[in-house]
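Novice: Fold the following and give me the result.
(one chain, ligands or ions: 2)
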Amino acid sequence: MDCSAATPTVTQRDQWMVEHQVFQIYDLFASLPRNAKSAMLELQRDNHMEYLTKGLKRLDPSFSVLDANRPWICYWILHAIALLGEYVEPELEDNVIEFLSRCQDPNGGYAGGPGQMPHLATTYAAVNALITVGGERSLSSINREKLYTFLQRMKQPSGAFRMHDAGEIDVRACYTAISVASVLNILDNELVRNVGDYIVSCQTYEGGIAGEPGAEAHGGYTFCGFATMILINEVNRLDLAGLLNWVAFRQSRECGFQGRTNKLVDSCYSFWQGGVFALLQRVHSILDEELGNLHSGGDCTNDSQQTGMTSDISKGEEGSGGTLSQVDETCHSRLGGLNAHSPLNLNSIGYSFIKQPAEEEPLFHSLALQQYILLCAQVMEGGLRDKPGKPRDYYHTCYSLSGLSVCQYSESPDEDSPPLPSAVMGPYSNLLERIHPLFNVVVERYYEAHEFFATL
Ligand SMILES: CC(C)=CCC/C(C)=C/CC/C(C)=C/COP(=O)(O)OP(=O)(O)O
Ligand SMILES: [Zn+2]
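Specialist: Numbering: from 1, shown residues only. Ligands and ions are numbered 1, 2, ... in the order given. A predicted model of the protein is given here:
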């Protein structure tokens, strides 16, 4: 993924061409009889599996040594397979573990390929891929001590992180660092220090979050910044009402999401923007409280008594031992997130977050987004694409399916409430596995990793 090559604002003609192609598909769909409609909406599971498995087999070491993206390809493919509720053959899993171990730098972190420079993005991809494979051999292949040293080295005096030695400082770097530290149970106050200041400085006048201060709000960075703020327990420092307003307007006439204002719809934003909604559903009381403050002039002590907030995300796990959160119910601690008085178990935030039921209905049009993914992004022969006219690829397959899963579970407040058929567009057999929206790994695989690393 080349994030430095952002394309300029689209012309009206580009927009019309995409709308034309998409609406032609919707018109055709509308004209079909019932059974043909349902065939068109069906997730082509077998074809997706064939496309994904072929890709994994091509990852073998003879693949170009210059390719710096292979941990990403592992993650995109393995996660897509996991979303489909499938497993890969043990031999292929062994190849992945062995290959990623060769990408692991002796001084910590994962590079894009063996012998290359460790990088935070490929570290995130490798860790998520190994969690998705699961099992003792896969999880114990991650050198957490060295990884912690790598994260410390990437940490900047300002609090933000660099992607790699002498690399760029941005919101992606903050998210990938905090996400891996959290899931591996090595997150501490030192890594968290001032990250929140940096992310807050990246929230723009539009309400979304940019890659760096002064840049344009974008879905990819908004997801990264928002998820980071939750993982470090400082989410209430963001302007959540502004964020919600910005992301709500990113669902386009074509029913999918665009990444930023005046840009084209693209299926990968089904996750980057859809994931923001999944997170918002679980911090809704904080949003309500911010809105209440706006209207009441800001007496947040009263608001805290009304909503009982604070306690939710930062409470930690019951009975997990160690330093469970006793965050005091003061305005300062809630708005400041971490402070010296709160012995918060930072590493339990991801777990508590997913265990707590969603507080709100989805605030985007879930069925419309599913329609875009199934009718416009799905390639019937296998794989998913950005939009009609584009070729399929593993990145869009992974993030379209992640977004589809977010949609399907968007009305199920917790794990004990499986989605109703009305929440799943097309046949119920389209139902994917549920993800943990802070990390984007299938929730069952996340639990296994959480338990494994909690005991180390
Ligand atoms: C975890 C991790 C590393 C996350 C990365 C998040 C992410 C997708 C960031 C987006 C980067 C970016 C500015 C793309 C714009 O490309 P573009 O101009 O081609 O696309 P656009 O027209 O849709 O904006
Ligand atoms: Zn895309």
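Novice: from here on, contacts and neighbour counts on C-alpha atoms
Specialist: Noted.
Novice: show me where pLDDT drops low in the chain?
Specialist: Low-confidence segments of the chain (pLDDT under 70): 1-5, 60-66, 294-343.
Novice: Ligand 1 contacts on that one?
Specialist: C3, A6, T7, A121, R172, T176, G220, Y221, G259, R260, K263 (CA under 6 Å from any ligand atom).
Novice: Dump those residues into TSV; add neighbour count, secondary structure and distance to R13 as well.
Specialist: As requested, the residues of the chain next to ligand 1 are exported to TSV (neighbours: other CA atoms under 10 Å; DSSP: H, G, I helix; E, B strand; the rest coil; distance: CA to CA, whole Å):
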residue	neighbour count	secondary structure	distance to R13
C3	9	coil	24
A6	7	coil	19
T7	8	coil	15
A121	23	helix	35
R172	27	helix	32
T176	24	helix	36
G220	24	helix	25
Y221	26	helix	27
G259	24	coil	18
R260	22	coil	18
K263	19	coil	12
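Novice: out of those residues, which one sits closest to Q203?
Specialist: Nearest to Q203 among the residues of the chain next to ligand 1 is Y221, at 9.7 Å by CA to CA.
Novice: for E86, helix, strand, or coil?
Specialist: Per DSSP: H, G, I helix; E, B strand; the rest coil, the local secondary structure of E86 is coil.
Novice: Give me the distance between the spatially closest residue to L41 that is not a sequence neighbour and ligand 1.
Specialist: Of all residues not flanking L41 in the chain, G426 sits nearest, at 5.0 Å (CA to CA, 6 or more residues apart in numbering). Per CA to the nearest ligand atom, to the nearest Å, G426 is found 27 Å from ligand 1.
Novice: show me what contacts G426?
Specialist: Going by CA atoms under 8 Å, 6 or more residues apart in numbering, G426 touches S38, L41, E42.
Novice: Not counting residues beside it along the chain, what's closest to the residue of the stretch 151-300 of the chain found nearest ligand 1?
Specialist: Closest approach between the stretch 151-300 of the chain and ligand 1, counting by CA to the nearest ligand atom: G220, at 3.4 Å. Among residues not flanking G220 along the chain, W272 sits closest, at 5.3 Å (CA to CA, 6+ apart).
Novice: Determine how far the helix or strand where the one you found lies lies from the middle of the whole chain.
Specialist: Here W272, judged by DSSP states H and E, is contained in helix 269-280. From the chain centre to the centre of helix 269-280 is a distance of 7 Å (CA atoms, centre = their mean, to the nearest Å).
Novice: Same question for stretch 18-36.
Specialist: Per CA atoms, centre = their mean, the centroid offset for stretch 18-36 relative to its chain is 30 Å.
Novice: Please export the alpha-carbon coordinates of the longest helix along the chain; CSV is fine.
Specialist: For the chain, the helix with the greatest residue count under DSSP state H is helix 12-31. C-alpha atoms of helix 12-31 as CSV (Å, rounded to 0.1, in the frame of the first residue of the first chain):
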residue,chain,number,x,y,z
GLN,A,12,-17.0,15.9,-12.1
ARG,A,13,-16.5,13.6,-15.1
ASP,A,14,-14.7,10.9,-13.0
GLN,A,15,-17.6,11.1,-10.6
TRP,A,16,-20.2,10.8,-13.3
MET,A,17,-18.4,7.8,-14.9
VAL,A,18,-18.4,5.9,-11.6
GLU,A,19,-22.0,6.8,-10.8
HIS,A,20,-23.0,5.7,-14.3
GLN,A,21,-21.3,2.3,-13.9
VAL,A,22,-22.7,1.7,-10.4
PHE,A,23,-26.3,2.8,-11.2
GLN,A,24,-26.2,0.6,-14.3
ILE,A,25,-25.5,-2.4,-12.0
TYR,A,26,-28.3,-1.4,-9.6
ASP,A,27,-30.8,-0.9,-12.5
LEU,A,28,-29.9,-4.3,-13.9
PHE,A,29,-30.3,-5.8,-10.4
ALA,A,30,-33.7,-4.1,-9.9
SER,A,31,-35.0,-5.5,-13.2
